[in-house]
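**Student:** Quick one, what's the 3D model for this:
(2 chains)
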There are 2 protein chains.
Amino acid sequence: MYFSKLFVPTVKEDPSDAELISHKLMVRSGMIKRNAAGIYSWLPVGLKVLKKVEEIVRKNLNNFDAEEILMPMVQPAELWKESGRYGEYGKELLKFDDRSNRGFVLGPTHEEIICEIFRSHPKSYKDLPVNLYQIQTKFRDEIRPRFGVMRSREFLMKDAYSFDIDEKGLVKSYGKMKDAYISIFNEIGLDYRIVKADSGNIGGDISEEFHILADSGEDLIAVSNSSDFAANVEVLNYDKDPSELEGKKSPDGKGKLKIKRGIEVGHIFQLGQKYSQAMNVGVKDMNGNSVHPFMGCYGIGVSRIVAAAIEQNHDDRGIQWPDKITPFGVNIICLDPESDEIMKVCSEIYSILKKSGFDPLLDDRDIRAGIKFKEHELLGIPYSIIIGPNNFKNTKLEFGIRAQNEKIDMKLDDIKKYLGEKYD
Amino acid sequence: MYFSKLFVPTVKEDPSDAELISHKLMVRSGMIKRNAAGIYSWLPVGLKVLKKVEEIVRKNLNNFDAEEILMPMVQPAELWKESGRYGEYGKELLKFDDRSNRGFVLGPTHEEIICEIFRSHPKSYKDLPVNLYQIQTKFRDEIRPRFGVMRSREFLMKDAYSFDIDEKGLVKSYGKMKDAYISIFNEIGLDYRIVKADSGNIGGDISEEFHILADSGEDLIAVSNSSDFAANVEVLNYDKDPSELEGKKSPDGKGKLKIKRGIEVGHIFQLGQKYSQAMNVGVKDMNGNSVHPFMGCYGIGVSRIVAAAIEQNHDDRGIQWPDKITPFGVNIICLDPESDEIMKVCSEIYSILKKSGFDPLLDDRDIRAGIKFKEHELLGIPYSIIIGPNNFKNTKLEFGIRAQNEKIDMKLDDIKKYLGEKYD
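**Tutor:** Take a look at the predicted model:
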């Protein structure tokens, strides 16, 4: 992509309603645009990152035998009455009537719809397990939407639902999904913890959360300094003064606890029969009897991951994207696009890197070099190649590594090799 | 994908509310599931087709320099009041209040939001043209939703919006988008016509529709028998008795008119300054004066294309998918999955075809062969390989071509070559 053809409405000032650095940087780098409280548009650079996260989620879920579907955003109120959540869910559930005065809700989650789909087709134990997921727009009418896309009202979520004939099957499906999540978050490349959690109003018994660690995180989690143990402070009954946990022995016997802050980006639940019972979902067991299947549900906040990645990876000059979700693989900064000679070199390098699959950006804009460097750092592209009047004839190119604030002279072939290792 | 692991809830009976063959076949083949009037879930097989259409649309738009964004489904009512459409649009515009009693609508289209995005960032003529598109869920509260996903209330649409400094620029952007559409519909592989049309309530002067020809189409179009000419009968002022047009001289002087039926799947408009004026969008021209940009808008009914493809491509046994949007490239029908020997052969062929990128399905279910054949024809996968006790040791395989109702003995290498030509 040539920068001159890209719609990147960068903004100089921080948005007045922004408290979090990710919110500020996403608006300033032209990734998102606010349309109403808690409602955002994703502009080209932002959407590129969102789509990369989405693709990593999709690929790994498919590898772990989940099947993609797409359920509606507008859901009939009667299904929510059947599950009992129409009254229970609170004001985050946005309700309205259609033109024929039938009641509907904007889907904040899809347990009711998935049960309706599943119960419409008689199944037997032989057809299980089934694990269906979607990557779809949700709406939760938060009382205080804030932090940009971190706690917005409309957002992109991956939600999956598993069906098993018995609890043993559920435990297995849950474990498989946990493995899929580990593989997803490893691939995205963020520092995260799997945290023992409370199930909240989704119901069910066992649940774990996936948290991206960041100082700005809303949740306090207690983490062992010498094992994988991590739990919400509430689970350890320390919601009133969690600082008392600091230095205490870890409940798993290994090491001492430290208090960290996390951003919840995933949550996996063993729901059991809560919804299958309420919604009267039946499956034939080995003896031909109809039983309620054991369900699991599994969420990932796809749009929230983008913001959380920035909370964890930035400096005072801008974003520092992890390699796997950067909007562009490398930024070729042309210092004199007016010169045909120099632009020719830049375009050739651009074509070579594009063919190699590194998704390059070529900053061909006729503006001051200082602005180009500033915006490069703001946008957070991990690597750059700087080409100008003083070096465009050199056999070695000036290669910049954003995270290390470093510039090295490298041959194009070596740059290709280097990027190949980063992006494969 | 192994069929035994695929969630395909086929249905024996036609849905009682179905009039169109595509509606019947999509429900019966387990592609979609109705959740409310005009509101559907896309199940795995259906979503695979939808995603293939989506990818063809996306790839071609990117090739023609359009940039993908994602705008919200929930839009503030105040923007619709500003454009004047809040009152004008009618009851298809679903309105509601959020928990703080602020007015919102469910987006049936996004002219207001795109203007809001565009006007927030001061632009000059140098930044134009800009063409932004999204592939996103829309809601239109149809008074009589019907025909399955053909005229549903919630549906997937591609909508694009172009901005130019003057009318000349708009004509160019419009032409480029028309070329992109031609390339999209050629690639999907359906018989379509570009039809002169009326702009309806979107406004603007010039517009053309893309229609997929099918006997069940809702629109009557007059087509020349010896040129590209095609127009809605209303445009020719023949909405009262269109049959009178039959045999008349074509307005372009070439050939005679025939009346055909079409399904509108795309619509491109030259909007001019209607929205940029109403929403006060400004761009600096060469003299530094602020002018209202000339806009175009361009829609494709992504989910409707799936249904339209079936209307055009089916027989009395089921769907006949065009190669480019088939849910699976080839169906390996194993006639005796209980036999380890036979399943071994099937799995090996499956792996080879999967590696070659032909996205095979392996019907490994322990059910009667007759049902497998019936469901194969219902699902509409263009090609099959039938492997059973009588032929699993043969060097030539039994290769079925759905459209020709034909079976040929072919070596695996020849099948690979054949499929390679179809799917490349």
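
**Student:** so which residue of the stretch 201-350 of chain A comes closest to chain B?
**Tutor:** residue A:303 (9.4 Å; C-beta to the nearest C-beta). Where C-beta positions appear, they are placed from N, C-alpha and C, glycine not excepted.

**Student:** In this structure that residue contacts residue A:153, no?
**Tutor:** No. Shown here, residue A:303 and residue A:153 do not form a contact pair, counting by C-beta atoms under 8 Å, at 11.4 Å.

**Student:** higher neighbour count, these two?
**Tutor:** Comparing residue A:303 with residue A:153 by neighbour count (other C-beta atoms under 10 Å in any protein chain shown), the higher total belongs to residue A:303, at 27 against 24.

**Student:** I'd guess that one is in a strand, am I close?
**Tutor:** No. With DSSP: H, G, I helix; E, B strand; the rest coil as the criterion, residue A:303 is assigned helix and is not in a strand.

**Student:** so who does it touch?
**Tutor:** A:42, A:50, A:149, A:152, A:155, A:156, A:157 (C-beta atoms under 8 Å, 6 or more residues apart in numbering or on different chains).

**Student:** Using neighbour counts, trim the residues you listed to the buried set.
**Tutor:** A:42, A:50, A:149, A:152, A:155, A:156, A:157 (16 or more other C-beta atoms under 10 Å in any protein chain shown).

**Student:** JSON lines for the residues you listed, including pLDDT?
**Tutor:** Below are the buried ones among the contacts of residue A:303 laid out as JSON lines (pLDDT from 0 to 100):
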{"residue": "A:42", "pLDDT": "98"}
{"residue": "A:50", "pLDDT": "98"}
{"residue": "A:149", "pLDDT": "96"}
{"residue": "A:152", "pLDDT": "96"}
{"residue": "A:155", "pLDDT": "98"}
{"residue": "A:156", "pLDDT": "98"}
{"residue": "A:157", "pLDDT": "98"}
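
**Student:** Can you sort out which of those residues also neighbour chain B?
**Tutor:** A:42, A:50 (C-beta under 8 Å from any C-beta of the partner chain).

**Student:** Which ones among the buried ones among the contacts of residue A:303 lie within strands?
**Tutor:** A:42, A:155, A:156, A:157 (DSSP state E).

**Student:** Could you tell me the end-to-end distance of stretch A:14-21?
**Tutor:** One end of stretch A:14-21 to the other measures 9 Å (C-alpha to C-alpha, to the nearest Å).

**Student:** try stretch A:308-318
**Tutor:** OK, stretch A:308-318 end separation, C-alpha to C-alpha: 14 Å.

**Student:** And stretch A:269-283, by the same measure?
**Tutor:** End residues of stretch A:269-283 are separated by 21 Å (C-alpha to C-alpha).

**Student:** Nearest to chain B, out of the ones in strands among the buried ones among the contacts of residue A:303: which one, please.
**Tutor:** residue A:42 (4.1 Å).

**Student:** Excluding covalently adjacent residues, which one is nearest to the closest one?
**Tutor:** Leaving aside its sequence neighbours, residue A:42 sits nearest to residue B:70 (C-beta to C-beta, 6 or more residues apart in numbering or on different chains; 4.1 Å).

**Student:** Domains in chain A, by residue range?
**Tutor:** Following automatic domain parsing, one gets these domains for chain A: A:3-315, A:328-423.

**Student:** could the ones you listed go into CSV alongside distance to residue B:358?
**Tutor:** Below are the domains of chain A laid out as CSV (distance: least, C-beta to C-beta, whole Å):
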stretch, distance to residue B:358
domain A:3-315, 17
domain A:328-423, 22
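
**Student:** hey, which of the ones you listed is tucked in deepest?
**Tutor:** domain A:3-315 (a mean of 19; mean count of other C-beta atoms under 10 Å in any protein chain shown).

**Student:** how far does it sit from the chain's center?
**Tutor:** Between the centre of domain A:3-315 and the centre of its chain there are 9 Å (C-alpha atoms, centre = their mean, to the nearest Å).

**Student:** And the helices in the stretch 151-300 of chain A?
**Tutor:** Applying DSSP state H, counting those that start in this stretch to the stretch 151-300 of chain A gives helices spanning A:167-188, A:274-278.

**Student:** For the last one, give me every contacting residue.
**Tutor:** Contact partners of helix A:274-278, identified using C-beta under 8 Å, 6+ apart, comprise A:82-84, A:111-112, A:115, A:163, A:203-204, A:281, A:292-295.

**Student:** do the same with the first one
**Tutor:** The contact list for helix A:167-188, computed with C-beta under 8 Å, 6+ apart, reads A:53, A:56-57, A:60-61, A:63-66, A:128-129, A:131, A:160, A:162, A:164, A:192, A:194, A:206, A:208, A:210, A:212, A:265-266, A:268, A:270, A:272, A:294-296, A:298, A:300, A:305, A:309, A:322, A:324-325.

**Student:** Tell me which of those residues fall in strands.
**Tutor:** Filtering the contacts of helix A:167-188 for strands - DSSP E - leaves A:131, A:160, A:162, A:164, A:192, A:194, A:206, A:208, A:210, A:212, A:265-266, A:268, A:270, A:272, A:294-296, A:298, A:300.

**Student:** thinking again about what came up before, between all of the ones in strands among the buried ones among the contacts of residue A:303, which two are separated the most?
**Tutor:** Greatest spatial distance in these: A:42 and A:157, 14.2 Å, computed using C-beta to C-beta.

**Student:** give me the residue from the stretch 151-300 of chain A nearest chain B.
**Tutor:** residue A:154 (5.0 Å).

**Student:** which residues touch that residue?
**Tutor:** Counting by C-beta under 8 Å, 6+ apart, residue A:154 has contacts A:38, A:39, A:40, A:137, A:138, A:139, B:72, B:73, B:74.

**Student:** thought residue A:70 was touching residue B:44?
**Tutor:** No. At 9.8 Å, residue A:70 and residue B:44 do not qualify as touching, with contact defined as C-beta under 8 Å.

**Student:** Does chain B have contacts with the helix or strand where residue A:353 lies?
**Tutor:** According to DSSP states H and E, residue A:353 maps onto helix A:340-355. No. Helix A:340-355 does not reach chain B (C-beta under 8 Å from any C-beta); its nearest approach is 12.8 Å.

**Student:** hey, what's the closest residue to residue A:347 other than its chain neighbours bridged with?
**Tutor:** Once flanking residues are discounted, residue A:347 sits nearest to residue A:362: 7.1 Å by C-beta to C-beta, 6+ apart. Beta-bridge pairing for residue A:362 (DSSP bridges): residue A:2, residue A:332.

**Student:** Alongside chain B, which residues does the stretch 101-250 of chain A contribute?
**Tutor:** So the stretch 101-250 of chain A meets chain B at A:102, A:104, A:106, A:113, A:116-117, A:120-121, A:130, A:132, A:137, A:139, A:141, A:143, A:153-154 (C-beta under 8 Å from any C-beta).

**Student:** can we see that at 6 Å?
**Tutor:** Counting by C-beta under 6 Å from any C-beta of the partner chain, the stretch 101-250 of chain A comes close to chain B at A:113, A:117, A:121, A:130, A:137, A:141, A:154.

**Student:** Just list the residues touching the residue lying closest to the fourth one once chain neighbours are set aside, thanks.
**Tutor:** What it means is residue A:130. Leaving aside its chain neighbours, residue A:130 sits nearest to residue A:163 (4.7 Å; criterion: C-beta to C-beta, 6+ apart). Counting by C-beta atoms under 6 Å, 6 or more residues apart in numbering or on different chains, residue A:163 touches A:128, A:130, A:293, A:295.

**Student:** Could you do residue A:106 as well?
**Tutor:** Contacts of residue A:106 by C-beta under 6 Å, 6+ apart are A:94, A:139.
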